[in-house]
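below are the sequence and a predicted model for it; my questions follow.
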Amino acid sequence: MSPKAKILLANVEETRTTLDLGLGYGLGVDMTARQTGLSGSTDEKSAELRRRLSSRTDCDSNFWEFSKLRSRSGNHALFQYPAMMVPELQGALLDDLIAVENDISLVYDPFSGSGTVMLESLYRGINYYGSDINPMAILLCEVKSAPPDVETASNAVSLVVTLAEASAPCDFDFPNINKWFKFEIKDGLSRLRKSIIDHPNKVVRKFLWVCFAETVRLVSNSRISTFKLHTYSQEDIARRETDAIKVFKIVCEQNLSRLSLHWSRISARPNQEIFPAAVLSSGSVSGVGKAPKLADVLMTSPPYGDNKTTVPYGQHSYLPLRWIDPIDLHDGFDPFLLDTTSRIDTLSLGGSLRFADQARNELCTASPSLANFLREIEHAAPLRKKTLSFCRDYRESLMMISSRLKLGAFCFFTLGERRIGGKTFPLVDITKEFLTTNGHEVVTTIERVLPSSRKRMASKNSEGSTMATEWILVTRSWGSV
């Protein structure tokens with residue numbers, strides 16, 4: 001079946017689902033729209049957006065796969081963060097929406113990650129508000145959205161490298177550091193760290209820290225083929241690079257080239273007289289402060305499950321965060337986040353199993369798809385509890401997110417479905433059902449094959465194979481019904 005046919009079939013199924021759910025769901029949303037006097041124009045906008053998204057595959061049936069694009073570029077590529085979204089995909093979604101809604105001023109992403117949505121918004125002259133529980137993600141977003149100019153950054157790199165190469169050995173320590181870094185590597189990183197700390201410009205330092213973080217990732221004893229912390233064999237460690245400063249120079253050269261492309265993209269944005277801004281908050285969705293104003297658009301990719309068994313973003317960031325000076329991390333950084341290698345992931349959605357079973361009835365009432373799935377894994381109590389814990393936190397986050405949107409805001413959720421206990425976890429249907437009970441109207445769903453070369457995902461996790469397909473769920477938020 002072609003992608004266009006899949007979109008059309010999904011629209012039919014969503015219409016059927018809305019009718020089946022009755023007054024408590026779809027009809028309630030429709031009544032909310034009519035009561036505000038907006039339903040006529042909003043129905044037209046939804047229909048026009050569906051048409052534009054569907055027409056993307058008229059000339060290229062594989063348009064949404066973006067399989068011909070082999071690598072990220074510009075500031076999108078400053079650091080290899082796990083499971084990054086495809087910039088061109090999010091950009092195409094934004095372009096189609098802008099053609100329908102010409103007064104978009106604020107895009108909201110509560111799971112900012114490496115800042116893909118943020119950059120694509122800024123490149124189109126649109127302000128951005130985002131949050132993330134991972135301090136590494138917030139640092140990346142800060143640097144990507146407001147980096148130094150190329151000449152200033154280049155001069156800083158030269159200075160830091162010169163000082164690091166000329167400095168006397170200096171020791172830096174944290175628990176188990178010798179497990180993760182060879183002596184020569186630790187010495188080079190320690191000297192680079194001191195040289196970066198001594199630089200007087202905070203904006204420049206943050207750029208240097210991102211380059212340094214990528215260096216740490218590349219020279220540590222942890223395998224770069226996985227997001228979890230797993231050491232190489234002793235034989236492999238002995239053969240690995242011993243000069244951290246050399247690797248840092250290579251990373252900086254690459255990132256300076258990317259920085260140059262970023263500024264050219266910024267200069268090519270529309271409305272040159274208006275410079276878009278990114279406002280960032282560090283913490284969980286429920287813990288961050290309010291956005292500057294209600295957002296016109298939600299565009300995000302929420303976790304596909306609890307981080308420990310899907311993508312351990314926190315564990316992947318642990319070693320770089322150990323080296324970075326906390327004073328240059330986002331305001332409010334709590335050292336408790338690095339208490340263990342998995343602390344950030346434990347604090348993420350589904351990280352706590354407490355009272356998970358008590359939420360089952362309420363969650364299953366909101367989502368028949370979840371109820372059916374839980375029956376399929378009833379025999380596996382630990383997996384059932386993990387699933388309930390994630391869904392409890394996920395639903396609470398969706399409710400919090402919706403309260404930060406304008407009435408009628410379009411929402412784009414990039415979703416994947418992993419396997420739990422040998423069964424496919426129906427995250428797309430669960431998300432639809434959670435959202436419709438909270439006043440969302442489903443507009444359309446796009447299915448796309450995941451090109452392994454573009455989205456950096458683990459091929460397997462502890463529960464089995466991960467997803468090879470993604471869905472973009474498009475909704476409109478009309479407030480609680």
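Received the coordinates, thanks.

give me the low-pLDDT residue ranges for the chain?
1-42, 452-467, 480-481 (pLDDT under 70).

residue ranges of each domain in it, please.
The record assigns the chain these domain ranges, following automatic domain parsing: 3-145+266-477, 150-261.

in CSV: those domains, plus mean neighbour count.
Heads up, the C-betas are built off the backbone N, CA and C, glycines and all. CSV is the format used below for those (neighbours: other CB atoms under 10 Å):
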stretch, mean neighbour count
domain 3-145+266-477, 19
domain 150-261, 17
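
A146 touches V203, doesn't it?
Yes: the pair A146 / V203 is scored as a contact, 6.8 Å apart, by CB atoms under 8 Å.

CA-only coordinates of stretch 313-323 in PDB, if you can.
Written as PDB, here are the backbone C-alpha positions of stretch 313-323 (Å, rounded to 0.1, in the frame of the first residue of the first chain):
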ATOM      1  CA  TYR A 313      18.800   9.400  27.000                       C
ATOM      2  CA  GLY A 314      20.100  10.100  30.500                       C
ATOM      3  CA  GLN A 315      22.600   7.200  30.500                       C
ATOM      4  CA  HIS A 316      23.900   8.300  27.100                       C
ATOM      5  CA  SER A 317      24.500  11.800  28.500                       C
ATOM      6  CA  TYR A 318      26.000  10.700  31.800                       C
ATOM      7  CA  LEU A 319      29.700  10.800  31.000                       C
ATOM      8  CA  PRO A 320      29.700  14.200  29.100                       C
ATOM      9  CA  LEU A 321      27.600  15.700  31.900                       C
ATOM     10  CA  ARG A 322      30.100  14.500  34.500                       C
ATOM     11  CA  TRP A 323      32.900  16.500  32.800                       C
END
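
just checking, Y394 touches S348?
No: counting by CB under 8 Å, S348 is not a contact partner of Y394; they are 10.6 Å apart.

list residues touching both of those two?
By the contact definition CB atoms under 8 Å, 6 or more residues apart in numbering, Y394 and S348 are jointly contacted by P303.

show me where the stretch 251-400 of the chain has its helices.
313-323, 343-346, 360-366, 368-376, 381-402 (DSSP state H, counting those that start in this stretch).

and P292, which of those helices is closest to it?
helix 381-402 (15.5 Å; CB to CB).

tell me the spacing between the residue lying closest to L122 once chain neighbours are set aside and K293.
Spatial nearest neighbour of L122, chain neighbours left out: P276 (4.8 Å); criterion: CB to CB, 6 or more residues apart in numbering. Counting by CB to CB, to the nearest Å, the separation of P276 from K293 is 14 Å.

can you list contacts of stretch 356-365?
370-371, 374, 385-386, 388-389, 391-392, 395.

of these, closest to T309?
Of the contacts of stretch 356-365, the one sitting nearest to T309 (CB to CB) turns out to be K386, at 6.9 Å.

mind listing what K45 touches?
Neighbour list for K45: 100-101 [criterion: CB under 8 Å, 6+ apart].

next one: T431
By CB under 8 Å, 6+ apart, T431 lies in contact with 398, 413, 415, 473.

where exactly do the helices run in the stretch 1-150 of the chain?
Counting by DSSP H, counting those that start in this stretch, the stretch 1-150 of the chain has helices at residues 3-21, 26-35, 39-55, 87-100, 116-123, 135-145, 150-166.

and the end-to-end length of stretch 170-177?
Its start and end residues considered, stretch 170-177 measures 14 Å (CA to CA, to the nearest Å).

can you check stretch 111-121 too?
So stretch 111-121: terminal residues 15 Å apart, CA to CA.

report the distance from it to the chain centre.
Averaging C-alpha positions (CA atoms, centre = their mean, to the nearest Å) puts stretch 111-121 7 Å from its chain's average.

over to stretch 355-362?
Distance of stretch 355-362 from its chain centroid, counting by CA atoms, centre = their mean, is 27 Å.

could I get that stretch in PDB with only the CA atoms?
C-alpha atoms of stretch 355-362 as PDB (Å, rounded to 0.1, in the frame of the first residue of the first chain):
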ATOM      1  CA  PHE A 355       1.200   2.800  42.500                       C
ATOM      2  CA  ALA A 356       1.300   1.900  38.800                       C
ATOM      3  CA  ASP A 357      -1.300  -0.900  39.200                       C
ATOM      4  CA  GLN A 358      -3.700   1.500  41.000                       C
ATOM      5  CA  ALA A 359      -3.900   3.600  37.800                       C
ATOM      6  CA  ARG A 360      -5.100   0.700  35.600                       C
ATOM      7  CA  ASN A 361      -8.800   1.200  35.700                       C
ATOM      8  CA  GLU A 362      -8.700   4.900  34.900                       C
END
